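*Asks:* Could you work out the structure for the sequence below:
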Amino acid sequence: MKTIDPAPGLLHVAPEVAQALADGRAVVALESTIVAHGMPWPRNLETARRVETEVRAQGAVPATIAVVAGRPCVGLDDTELQALAREGPRWLKLSRRDLAHAVAGGHSGATTVATTMLLAARAGIDVFATGGIGGVHRGAAQSFDISADLQELARTPVTVVCAGAKSILDLGLTLEYLETQGVPVVGYGTDRLPAFFVRESPHTLALRVDSPAEAAALVRAQRALGLEQGIVLANPIDAAHALPADRVEALIAQALDDAAREGVAGKAITPYLLARVNALSGGDSLAANVELVAGNARLAARVAVALAQARQTG
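*Replies:* I've put the predicted structure just below:
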């Protein structure tokens, strides 16, 4: 993937990440919103460190992405990672529309799936691991609440390894939107869309791969054809850590009622719902979230390594 610096010196790529990219080695992008706004301190820092360790264990280099004091950073050192985790609620939540504001104002912010994809692509990273993508929210026919993640997937050539879309969303409409935008949603070892905490939803997937090598071949074909859409590689949470679908649905229904009563909307809704579901589940959903993110990081690293090997052999 071609590296594009949006302005000389503006995009800071950590030395380890830059060297790996220059050498053609595997790199995996990681988002920062899940650390700043998706998990409580200190569990968020423990998870961030664990995820980076999982990536390294598979032979790839992790690149956690955030904006630090107005500078988009691809790869954080441990001091920056600690600041992100400890000060998270005070950091802005940055989607594509917010990025220039943060840079111009010298603000620090955590990047969503959309903005992480954007900055990863600018740096030349083509695989990204997260928990679950955003999507079409329940009740979107009235609210028009559709995550910017979906539009980013329609125009940014990065492969996103995730446990499907977050369970709090309308999964059927999310799939329909992605299909309309030409975004491949590919099950990893499954024919059904994973539902974040739940291993599978009722929604069937048309595409499937069963190994990192197959996933890498699909990514290479997508790029060779000049298709600019991203790819969703949907990786089910391990069965040992999954939650029952009926329990999750009941928790989400209660959390949605609570959000409506408290008037929570816009970019605050997803962090609120995830936190509320965690509270209602007695911490079970957070434990599942940690495990699915770690699993996605492992798979993303294996796919990135397979891609790097394929490039080296032509």
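
*Asks:* switch to C-alpha atoms for all contacts and neighbour counts from now on
*Replies:* Noted.

*Asks:* need the contact list for the residue nearest the centre of the chain.
*Replies:* Nearest to the geometric centre of the chain sits residue 130, at 3.0 Å (CA atoms, centre = their mean). With contact set as CA atoms under 8 Å, 6 or more residues apart in numbering, residue 130 has these partners: 30, 31, 113, 160, 161, 162, 293, 296, 297.

*Asks:* ranking the residues you listed by neighbours, who comes first?
*Replies:* Within those, most neighbours by other CA atoms under 10 Å means residue 30, with 33 neighbours.

*Asks:* That one is in contact with residue 62, isn't it?
*Replies:* Yes - in this structure residue 30 lies within contact range of residue 62 using CA atoms under 8 Å: 7.0 Å.

*Asks:* Which parts of the protein are strands?
*Replies:* Taking DSSP state E, the strands of the chain run over residues 12-13, 27-30, 61-68, 71-74, 92-94, 109-111, 127-129, 159-162, 185-188, 207-209, 231-234.

*Asks:* So which of these is nearest residue 81?
*Replies:* Among those, strand 61-68 comes nearest to residue 81, with 8.3 Å by CA to CA.

*Asks:* So what touches the closest one?
*Replies:* Contacts for strand 61-68 (CA under 8 Å, 6+ apart): 16-17, 20, 26-32, 52, 55-56, 72-76, 102-103, 106-111, 116, 119-120.

*Asks:* Strand partners (parallel or antiparallel) of that strand?
*Replies:* In the sheet, strand 61-68 lines up against strand 27-30 (parallel), strand 71-74 (antiparallel), strand 109-111 (antiparallel) (DSSP bridges).

*Asks:* For these, give me a markdown table that also has distance to residue 141 and mean pLDDT.
*Replies:* Output for the strands paired with strand 61-68, formatted as a markdown table (distance: least, CA to CA, whole Å; pLDDT from 0 to 100):
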| stretch | distance to residue 141 | mean pLDDT |
| --- | --- | --- |
| strand 27-30 | 31 | 98 |
| strand 71-74 | 35 | 98 |
| strand 109-111 | 27 | 98 |
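
*Asks:* deepest of those strands, which one?
*Replies:* Greatest average neighbour count among the strands paired with strand 61-68 goes to strand 27-30 (a mean of 32), per mean count of other CA atoms under 10 Å.

*Asks:* What are the contacting residues of it?
*Replies:* Contacts for strand 27-30 (CA under 8 Å, 6+ apart): 17, 20-21, 55, 60-65, 74, 116, 120, 125-130, 297, 300-301, 304.

*Asks:* about what we covered before: can I get the strands of the chain in JSON lines including distance to residue 84?
*Replies:* Formatted as JSON lines, the strands of the chain follow (distance: least, CA to CA, whole Å):
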{"stretch": "strand 12-13", "distance to residue 84": "16"}
{"stretch": "strand 27-30", "distance to residue 84": "13"}
{"stretch": "strand 61-68", "distance to residue 84": "8"}
{"stretch": "strand 71-74", "distance to residue 84": "12"}
{"stretch": "strand 92-94", "distance to residue 84": "11"}
{"stretch": "strand 109-111", "distance to residue 84": "8"}
{"stretch": "strand 127-129", "distance to residue 84": "18"}
{"stretch": "strand 159-162", "distance to residue 84": "22"}
{"stretch": "strand 185-188", "distance to residue 84": "31"}
{"stretch": "strand 207-209", "distance to residue 84": "35"}
{"stretch": "strand 231-234", "distance to residue 84": "26"}
